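Asker: need a structure here:
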Amino acid sequence: MTDTLDYGSLMHRAMRGLIFNVLEQVRDHGLPGNHHFFITFDTTHPDVQLANWLNDRYPEEMTVVIQHWFDNLEVREDGFSITLNFGDQPEPIQIPFDAIQTFVDPSVEFGLRFENQDMDEDEEEADETEPSAEATETSDEEPRQEAEVVSLDQFRR
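Answerer: Below you'll find the predicted structure:
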């Protein structure tokens, strides 16, 4: 047993559980009202599955939008799979929860950011004053709305 509680890992697990529950509700009942999601994920994660042309276009990270058209949403304990439309071309994608970097629902100004748990302490200290996520392209034509993103690094010691 360690001499401290790992609140960062506990919060990440709880936040991924929240995403799991939200996606289950969407799978069972559809997207209510104006809700839609921007989900940024690490395309280098070994369990991410996407078409080769998408992986070539987004070799490190990708942001998908779940809004008007999606199909085959399946939610599992370790992640989810979904078919999304990319320029009138339906493509299945499998995203493990561990690969998610941000989850944003701009319709209600809600967002989560998952910081990399593999950083050593020197990197964490250097990153405390800098944001760790960069802007990414989205597959949606609508402008991205602002949302509040919760970062766990401010609570780590």
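Asker: name the element Pro32 belongs to?
Answerer: Secondary structure from DSSP states H and E places Pro32 outside every helix and strand.
Asker: if I look at it, how far off is Val26?
Answerer: From Pro32 over to Val26 the distance is 9 Å, taken as CB to CB, to the nearest Å. Quick note: C-beta positions are derived from backbone N, CA and C, even for glycine.
Asker: which one of the two has more residues nearby?
Answerer: Between Pro32 and Val26, counted using other CB atoms under 10 Å, Val26 has the larger neighbour count: 20 against 9.
Asker: packing partners for the lengthiest helix in the chain?
Answerer: Here the longest helix in the chain is taken by residue count, with DSSP state H as the criterion, and it is helix 7-29. Of the remaining helices and strands, those touching helix 7-29 by 3 or more CB pairs under 8 Å, 6 or more residues apart in numbering; DSSP states H and E are strand 70-76, strand 100-105, strand 110-113.
Asker: ranking these by burial, who's on top?
Answerer: Looking across these with neighbours counted as mean count of other CB atoms under 10 Å, the highest average goes to strand 100-105: a mean of 22.
Asker: and that strand with helix 7-29, angle?
Answerer: Angle, strand 100-105 to helix 7-29, by axes from the mean of the first three to the mean of the last three CA atoms, to 10 degrees: 50 degrees.
Asker: right, and the helix or strand after the longest helix of the chain?
Answerer: Next in sequence after helix 7-29, counting helices and strands by DSSP H and E, comes strand 37-42.
Asker: dump the helices and strands packed on helix 7-29 to TSV, plus mean pLDDT.
Answerer: As requested, the helices and strands packed on helix 7-29 are arranged in TSV below (pLDDT from 0 to 100):
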stretch	mean pLDDT
strand 70-76	94
strand 100-105	94
strand 110-113	92
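Asker: Pro90: which of those is closest?
Answerer: strand 70-76 (6.9 Å; CB to CB).
Asker: just give the strands next to that closest one in its sheet, each with its orientation.
Answerer: Strand 70-76 sits in its sheet next to strand 79-85 (antiparallel), going by DSSP bridges.
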